[in-house]
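*Asks:* Provide a 3D model corresponding to the input given below.
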Amino acid sequence: MLRLGGTGAAVLLAGCAGGGDGDGGNGGTATETSNPTATATETATATATETATATATETETATATATETATETPTATPTPTEERETTLIEGFESGNLDAWSGVTSAYDVTEADPVSEGSYSMKRNSSSTEDTPIAWTTDLEVTPQAGNVIRADVAVNDNQNNACFGWAFQDAENFYFCRAYQAEDLEIYKRSGGSYTKFGDAENNNWSPGSEMHTWVVEWGEDGSITCTLQDSSGETVASVSGSDSEFTEGGIGVRRGSVLDNVRVTH
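*Replies:* Residues are numbered from 1 along each chain as shown. The predicted structure is shown next:
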């Protein structure tokens with residue numbers, strides 16, 4: 001038994017139908033047409049490969065913090081301090097007053113006490129109250145001037161109780177001086193053209209010097225200010241007096257009826 005199916009059966013039937021010619025001839029031969037069978041082609045199916053996706057990890061980025069840098073402040077260069085020199089301008093070690101002018105006969109240079117340094121000091125030899133200024137004004141090693149500090153060792157003796165020192169001597173008629181009487185005020189005077197003017201006064205009621213050497217420290221300002229400080233032998237301040245005058249700006253050293261004088265030096 002021939003079994004045709006599909007398209008082949010249709011062809012065979014068609015052939016049979018064609019065989020029904022009027023002459024009753026042979027029927028048509030059934031031609032078996034080969035119907036190719038569809039071959040299933042294996043298609044490669046792309047398999048999704050799981051790709052590891054790199055997960056971006058948020059990295060903490062260090063934020064640069066501005067660091068305050070210490071700025072080095074320039075150090076101020078100190079102004080050089082002017083060096084000052086102290087010069088001894090009279091210690092009476094010559095044993096005389098040959099360089100001095102004025103009423104020199106009222107004073108002696110002796111080795112008797114009190115003496116500040118060395119062997120000699122100048123002393124008043126009379127108790128007279130006569131005005132007897134004397135001075136050394138020429139050929140000093142250093143002539144004191146405004147801006148200097150002058151120191152002079154002084155004392156009182158039996159002839160005078162007046163501790164006096166003078167500076168800025170132009171001559172016996174023109175100079176400054178400071179003085180201290182026992183248990184009396186400290187004073188600063190100017191003698192100008194022979195006339196005296198007091199321009200400084202301070203109480204000094206407790207001073208009882210005896211024969212001990214004291215020191216006058218005269219700070220003579222360039223602006224005319226003058227401060228005279230009386231110190232005892234240990235350097236302690238007894239009293240001080242100040243004033244101002246600018247008539248004289250330089251000059252020699254001396255006394256105006258002083259008792260004892262020694263060791264005059266100037267810081268310049």
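*Asks:* could you list the low-pLDDT ranges of the chain?
*Replies:* 1-81, 205-206 (pLDDT under 70).
*Asks:* contacts for the longest strand along it?
*Replies:* Looking across the chain with DSSP state E, the single longest strand is strand 162-171. With CB atoms under 8 Å, 6 or more residues apart in numbering as the test, strand 162-171 has contacts from 101, 133, 135-137, 144, 150, 152, 154-156, 175-181, 209, 214, 216, 218, 220, 230, 248-261, 264. (Glycine included, C-beta is placed from N, CA and C.)
*Asks:* need the buried ones from these selected in PyMOL.
*Replies:* Those of those that count as buried under 16 or more other CB atoms under 10 Å are selected in PyMOL with:
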select buried, resi 101+133+135+136+137+144+150+152+154+155+156+175+176+177+178+179+180+181+209+214+216+218+220+230+248+251+252+253+254+255+256+257+258+259+260+261+264
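*Asks:* among the contacts of strand 162-171, which are in helices?
*Replies:* Among the contacts of strand 162-171, none falls in helices (DSSP state H).
*Asks:* with adjacent residues omitted, what lies nearest to residue 147?
*Replies:* In space, and not counting its chain neighbours, residue 147 is closest to residue 222: 4.4 Å by CB to CB, 6 or more residues apart in numbering.
*Asks:* in which helix or strand would I find that neighbour?
*Replies:* Counting by DSSP states H and E, there is no helix or strand that carries residue 222.
*Asks:* next, the buried residues of the host helix or strand of residue 240.
*Replies:* Using DSSP H and E, residue 240 falls within strand 237-244. Residues 238-243 are the ones in strand 237-244 that count as buried (16+ other CB under 10 Å).
*Asks:* tabulate those (TSV), appending distance to residue 112.
*Replies:* Output for these, formatted as TSV (distance: CB to CB, whole Å):
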residue	distance to residue 112
238	24
239	27
240	30
241	30
242	34
243	34
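*Asks:* now, among the residues you listed, which is nearest to residue 198?
*Replies:* Each of these was scored against residue 198 by CB to CB, and residue 243 proved nearest at 8.3 Å.
*Asks:* what sits against the closest one?
*Replies:* Going by CB under 8 Å, 6+ apart, residue 243 touches 188, 199-200, 225-226.
*Asks:* including distance to residue 91, neighbour count and secondary structure, could these go into JSON lines?
*Replies:* Listed next are the contacts of residue 243 as JSON lines, based on distance: CB to CB, whole Å; neighbours: other CB atoms under 10 Å; DSSP: H, G, I helix; E, B strand; the rest coil:
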{"residue": "188", "distance to residue 91": "25", "neighbour count": "23", "secondary structure": "strand"}
{"residue": "199", "distance to residue 91": "30", "neighbour count": "15", "secondary structure": "strand"}
{"residue": "200", "distance to residue 91": "27", "neighbour count": "21", "secondary structure": "strand"}
{"residue": "225", "distance to residue 91": "28", "neighbour count": "14", "secondary structure": "strand"}
{"residue": "226", "distance to residue 91": "24", "neighbour count": "24", "secondary structure": "strand"}
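*Asks:* distance of residue 137 from residue 165?
*Replies:* 15 Å (CB to CB, to the nearest Å).
*Asks:* same check, this time on residue 216
*Replies:* Residue 216 is 5 Å from residue 165, by CB to CB.
*Asks:* and residue 229, by the same measure?
*Replies:* Residue 229 is 12 Å from residue 165, by CB to CB.
*Asks:* neighbour count for those two, which is higher?
*Replies:* Neighbour totals were compared for residue 229 and residue 165, and residue 165 leads with 27 against 18 (other CB atoms under 10 Å).
*Asks:* quickly list what that one is bridged to.
*Replies:* residue 178 (DSSP bridges).
*Asks:* now for residue 229 and residue 165: what residues contact both?
*Replies:* Between them, residue 229 and residue 165 share the contacting residues residue 216, judged by CB under 8 Å, 6+ apart.
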